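J.: Here you go, sequence then predicted model.
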Amino acid sequence: MLIVQKYGGTSVANIERIQNVARRAVETAGKGHSVLVVVSAMAGETDKLINLAHQINENPSTREMDLLLSSGERITCALTAMAVEKFGKKAIALTGRQLGIYTDSVHTRAHIEYITGERAKKALKDGYIVVVAGFQGITKETEEVTTLGRGGSDLSAVAIAYALRADLCEIYTDVDGVYTADPNIVKKARKIKKITYEEMLELASLGAKVLQTRSVEVAAKFNVPLMVKSSFNYNEGTLITTEDKDMEKVVVSAIAHDKNQSKITVKGALNRPGIAALIFKSIAAKNIIVDMIGQNIAKGDERADISFTIPRSETKETLKIIRDLKKEIGYTDIDVNENIGKVSIVGVGMRTHSGVAAKMFETLSEHGINIMMINTSEISVSCIIDLRHLEMAVRVLHDAFGLENELNAQLS
């Protein structure tokens, strides 16, 4: 059985924890399994490297940033392989280039196109534990170093698991599974034993920090079996799998929240075909992800207010884009609100049960929480609210849908 184990930054934050990771990998191999370990940079290392870069140059080249940032995972990778050997098992450390992870040429946010994995396959066959530096690859044409964006080691692990036809991909983090809400906010939050790819993808995209969104997309597309576990204990984790009939009994599975949102309103834009397309095409060209979008007629039929939300870190860049389009858009003003948050309910059971959104809106209203924007999908409802009310919203919704008890969360 081939098992891919991914360990995040907190799991490899220091020498003691790196040794713990190596010990777990050796224990797994001792049970007769082939083991490939994917590691992130040590906690805080990527931010440290980013800060160093900006001390040198306020606007560093993305190519050089990729070369710099990829070093964090390489350090952890080599140290982990050394630790595995200390515990008596053969190990080999491989960078993204050495493993054969080929990507497109978009620096700092590259997408994996294919993985050869030949060196890993041979090493595994020869009885080695293979340790791979996550978060990185190389371009097909020029073999430039690329990185996969925040949380990219999750994507590395899932993609490698698919490419090598692994039997299981275990994602080790500082929590022992997926919870009904952030346990730091909701003390009664319950660990979920099993959740669908679709629900996990919604949770990841709506602000849950357990898994990177793109990694779940790949897992769902290729049906890679995923298990989220803690590297600090041996508790049972959360299995991410395909949907079954029992899962539909749970109307709402979890509450997600996101504190890192900005709402931008382009006021008095010309209300004619092509204006919205111009705005969002220009934003997309800079690889900025737009979440919610709303439009209201401002004056008669001639003007409209267009509101949308983006990651807060992209606010400055987005404002520059809009201002550069002033002549074409013809807007009168731009309003920016960075004091917002997003709260969301997620569950596959929502597809077949009515009244869920109404209950969410009623609960927020009862606690004096105003809704600024709303977005829905088949299995989720999201609301933009004032940031100061976000944590309270998570708690009251968790109570309203009875998520602390699995039986209460099911429809009677």
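T.: Cool, the structure landed. Bear in mind that the values here come from a model prediction, so they are computed numbers and not experimental data.
J.: Spatially nearest residue to the residue sitting nearest the centre point of the chain, not counting backbone neighbours?
T.: Nearest residue to the geometric centre of the chain (C-alpha atoms, centre = their mean): residue 212, 2.4 Å. Of all residues not flanking residue 212 in the chain, residue 151 sits nearest, at 3.1 Å (C-beta to C-beta, 6 or more residues apart in numbering). Any C-beta I mention is one placed from the backbone N, CA and C, and that applies to glycine too.
J.: Go ahead and confirm that neighbour touches residue 210.
T.: No. Contact between residue 151 and residue 210 fails when scored by C-beta atoms under 8 Å: they sit 9.8 Å apart.
J.: Give me the mean pLDDT for the longest helix seen in the chain.
T.: Assignment by DSSP state H gives helix 62-86 as the longest helix of the chain. What helix 62-86 shows for mean pLDDT is 97.
J.: Strands along the stretch 201-350 of the chain, start to end?
T.: With DSSP state E, counting those that start in this stretch as the criterion, the stretch 201-350 of the chain has strands at 226-230, 238-241, 254-270, 293-299, 303-311, 333-346.
J.: Give me the helices and strands touching the last one, please.
T.: Which is strand 333-346. For strand 333-346, the elements it packs on are helix 197-205, strand 254-270, helix 315-324, strand 380-386, helix 390-400, judged by 3 or more C-beta pairs under 8 Å, 6 or more residues apart in numbering; DSSP states H and E.
J.: Switch the ones you listed over to JSON lines; also include mean pLDDT and mean neighbour count.
T.: Shown next, in JSON lines, are the helices and strands packed on strand 333-346 (pLDDT from 0 to 100; neighbours: other C-beta atoms under 10 Å):
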{"stretch": "helix 197-205", "mean pLDDT": "91", "mean neighbour count": "24"}
{"stretch": "strand 254-270", "mean pLDDT": "95", "mean neighbour count": "21"}
{"stretch": "helix 315-324", "mean pLDDT": "96", "mean neighbour count": "14"}
{"stretch": "strand 380-386", "mean pLDDT": "96", "mean neighbour count": "22"}
{"stretch": "helix 390-400", "mean pLDDT": "97", "mean neighbour count": "20"}
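J.: Select, out of these, the one closest to residue 307.
T.: strand 254-270 (4.4 Å; C-beta to C-beta).
J.: hey, C-alpha coordinates of that closest one in CSV?
T.: Presented in CSV, the C-alpha positions along strand 254-270 are these (Å, rounded to 0.1, in the frame of the first residue of the first chain):
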residue,chain,number,x,y,z
ALA,A,254,-20.4,22.9,9.0
ILE,A,255,-20.0,26.7,9.4
ALA,A,256,-17.2,28.5,7.6
HIS,A,257,-15.9,32.0,8.0
ASP,A,258,-13.5,34.4,6.4
LYS,A,259,-12.0,37.5,8.0
ASN,A,260,-9.8,38.5,5.1
GLN,A,261,-12.4,40.1,2.8
SER,A,262,-12.8,43.5,1.2
LYS,A,263,-15.9,44.9,-0.4
ILE,A,264,-15.5,47.4,-3.3
THR,A,265,-18.4,49.4,-4.7
VAL,A,266,-17.9,51.1,-8.0
LYS,A,267,-20.6,53.9,-7.8
GLY,A,268,-22.4,55.4,-10.7
ALA,A,269,-20.8,53.3,-13.4
LEU,A,270,-22.3,53.5,-16.9
